[in-house]
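*Asks:* model the structure of this input:
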Amino acid sequence: MVAVRIKKGQLKIQQMAFMLVAVFFLFILAGMFFLSINLYNLKKTAVNLEEQNSMLLASKLANSPEFSCGNSFGGSRLNCIDFDKVISLNDRREDYEEFWGVAKIEIRKIFPEDNSICTKDNYPECGIITILDRKVNTLPASPNFVSLCRKEANERMLYDKCELAMLLITSEDKT
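*Replies:* Numbering: from 1, shown residues only. I've put the predicted structure just below:
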């Protein structure tokens, strides 16, 4: 009779141990679920911040001394890119590789549309100029509409020619 009571007591202890292990695993699963949701939201927030940073950088770059028209086109213009400066900057792209902290900077003419890559040989009859391309995993590009201006001459005078373009800034995908 004593042996039977010991077995019942051992069975109760085993049941309690299994219940504690099951509750422990339940809390671990709940914690992992909670952490996975928080990590997903954190990743989503990081991507949104990178895109927002790219959009702000696009506006900032269009008005930076390396790109902006300045006073060379009859007064200060916002979101005006000097095509001549950008073409000359394109030859020194290695010097600026880490300067802006983005993966890719590209300017595309919208009107008149032209899909040829800009070089000194085909300037200004081109439509796409890539200032920086680090060839890494990237997020979607953040666009900013700009005026792409240059000096042009005809038989009688020198004049400013401005075309509609889009400045595309692409951030690196660090995830």
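
*Asks:* next SSE downstream of the longest helix seen in the chain?
*Replies:* Secondary structure of the chain per DSSP state H: the longest helix is helix 2-62. Using DSSP states H and E, the helix or strand that follows helix 2-62 in sequence is strand 80-82.

*Asks:* secondary structure class for A165?
*Replies:* strand (DSSP: H, G, I helix; E, B strand; the rest coil).

*Asks:* tell me, how many residues neighbour it?
*Replies:* A165: 25 surrounding residues under other Cβ atoms under 10 Å. From N, CA and C alone the C-beta is placed, and that goes for glycine too.

*Asks:* could you measure from the closest residue in space to it that isn't next to it in sequence over to K104?
*Replies:* What sits nearest to A165 in space, not counting adjacent residues and going by Cβ to Cβ, 6 or more residues apart in numbering, is L148, at 3.9 Å. Using Cβ to Cβ, to the nearest Å, L148 is found at 18 Å from K104.

*Asks:* just I13 next, same as before
*Replies:* To K104, I13 is 65 Å away according to Cβ to Cβ.

*Asks:* between these two, who's got more neighbours?
*Replies:* Taking neighbours as other Cβ under 10 Å, I13 and K104 compare with K104 leading, 20 against 10.
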